[in-house]
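Visitor: Return a 3D structure for these sequence lines:
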Amino acid sequence: MKRLKEASTWAGIAAILQAAKLLVPPQYHVAVDGLTVLAGTVAGIVPEKAAKVAA
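Guide: So this is what the prediction gives:
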């Protein structure tokens with residue numbers, strides 16, 4: 001569940017949704033595009049957590 005709080009996760013979900021659009025019937029393309037926009041918006045709003053670097 002921690003991964004859902006990272007922007008890169010949502011960007012990846014958006015990319016996967018667009019790839020999956022090739023597999024769904026054309027009547028569902030609008031719904032997939034809507035979910036992609038939603039995931040992309042979340043990716044833009046959620047801040048990316050910086051990785052802890054060992055010094």
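
Visitor: V32: neighbour count?
Guide: Using other C-beta atoms under 10 Å, V32 has 16 neighbouring residues. Placement of C-beta: from N, CA and C, glycine included.

Visitor: Could you do P26 as well?
Guide: Applying other C-beta under 10 Å, we find 7 residues neighbouring P26.

Visitor: roughly how far out does the longest helix along the chain sit from the chain middle?
Guide: In the chain, taking DSSP state H as the definition, the longest helix is helix 29-45. Centre-to-centre, helix 29-45 and its host chain are 7 Å apart (C-alpha atoms, centre = their mean, to the nearest Å).

Visitor: mind listing what's buried in it?
Guide: Within helix 29-45, the residues that qualify as buried are 32, 35-36, 39-40, 42-43, counting by 16 or more other C-beta atoms under 10 Å.

Visitor: Can I get the residues you listed in CSV including distance to A20?
Guide: Converted to CSV, the buried residues of helix 29-45 look like this (distance: C-beta to C-beta, whole Å):
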residue, distance to A20
V32, 7
L35, 10
T36, 10
A39, 12
G40, 15
V42, 17
A43, 17
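
Visitor: so which of those residues comes closest to L22?
Guide: Distances from L22 to the buried residues of helix 29-45, taken as C-beta to C-beta, are shortest for V32 (9.8 Å).

Visitor: Can you give me the pLDDT of the closest one?
Guide: At V32, the model reports a pLDDT of 96.

Visitor: do L23 as well
Guide: Note for L23: predicted pLDDT of 96.

Visitor: got the contact list for it?
Guide: By C-beta atoms under 8 Å, 6 or more residues apart in numbering, no residues touch L23.

Visitor: where does this structure dip in pLDDT?
Guide: The chain contains residues with pLDDT under 70 at 50-55.
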